[in-house]
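Engineer: Sharing a model prediction with you, sequence too.
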Amino acid sequence: MVSLRDVDCAVDPSQFMNAYGWSPGAPLEQRFAEALRSLESRGALAEDDWTPLEANSLEKLS
């Protein structure tokens with residue numbers, strides 16, 4: 001698995017959304033929280049493996 005922790009992943013999807021009339025079915029924060037909870041429930045995330053930024057983000061989303 002490749003870690004993206006140190007990669008700038010800023011993306012602006014507005015052109016895609018405008019061109020195809022797409023909109024998300026749920027807020028991004030909700031989707032991230034669901035993905036993290038799912039990974040954690042499967043044992044795919046260990047709390048001691050989180051960076052401080054990831055731990056802080058999860059705390060805010062929970």
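Structural biologist: Structure's in. What do you need?
Engineer: who touches the host helix or strand of residue 19?
Structural biologist: Element membership of residue 19, judged by DSSP states H and E, is helix 14-20. For helix 14-20, the external contacting residues (C-beta atoms under 8 Å, 6 or more residues apart in numbering) are 22-23. All C-beta atoms are positioned from the backbone trio N, CA, C, and that covers glycine.
Engineer: pLDDT (mean, whole number) over the longest helix anywhere in the chain?
Structural biologist: Counting by DSSP state H, the longest helix found in the chain is helix 28-41. What helix 28-41 shows for mean pLDDT is 87.
Engineer: How far does that helix sit from its chain's centre?
Structural biologist: 7 Å (C-alpha atoms, centre = their mean, to the nearest Å).
Engineer: ok, the residue of the chain positioned farthest from its centre to residue 28 distance?
Structural biologist: No residue in the chain sits farther from the centre than residue 19, which is 24.2 Å out by C-alpha atoms, centre = their mean. Note on residue 19: its distance to residue 28, by C-beta to C-beta, to the nearest Å, is 20 Å.
Engineer: Also residue 35?
Structural biologist: Residue 35 is 11 Å from residue 28, by C-beta to C-beta.
Engineer: if I look at the two, which residues touch both of them?
Structural biologist: In terms of C-beta under 8 Å, 6+ apart, residue 35 and residue 28 are not both contacted by any residue.
Engineer: Report the distance from stretch 30-45 to the chain centre.
Structural biologist: On C-alpha atoms, centre = their mean, the centre of stretch 30-45 falls 9 Å from the chain's centre.
Engineer: Need the residues that contact that stretch.
Structural biologist: Residues outside stretch 30-45 that contact it (C-beta under 8 Å, 6+ apart) are 24, 57-58, 61-62.
Engineer: where in this protein is pLDDT low?
Structural biologist: Regions of the chain meeting the criterion pLDDT under 70 cover residues 1-10, 46-48, 62.
Engineer: Identify the residue nearest the geometric centre of it.
Structural biologist: Centroid-nearest residue in the chain: residue 32, 3.7 Å away (criterion: C-alpha atoms, centre = their mean).
Engineer: May I see the buried residues of stretch 12-21?
Structural biologist: Neighbour counts using 16 or more other C-beta atoms under 10 Å place no residue of stretch 12-21 among the buried ones.
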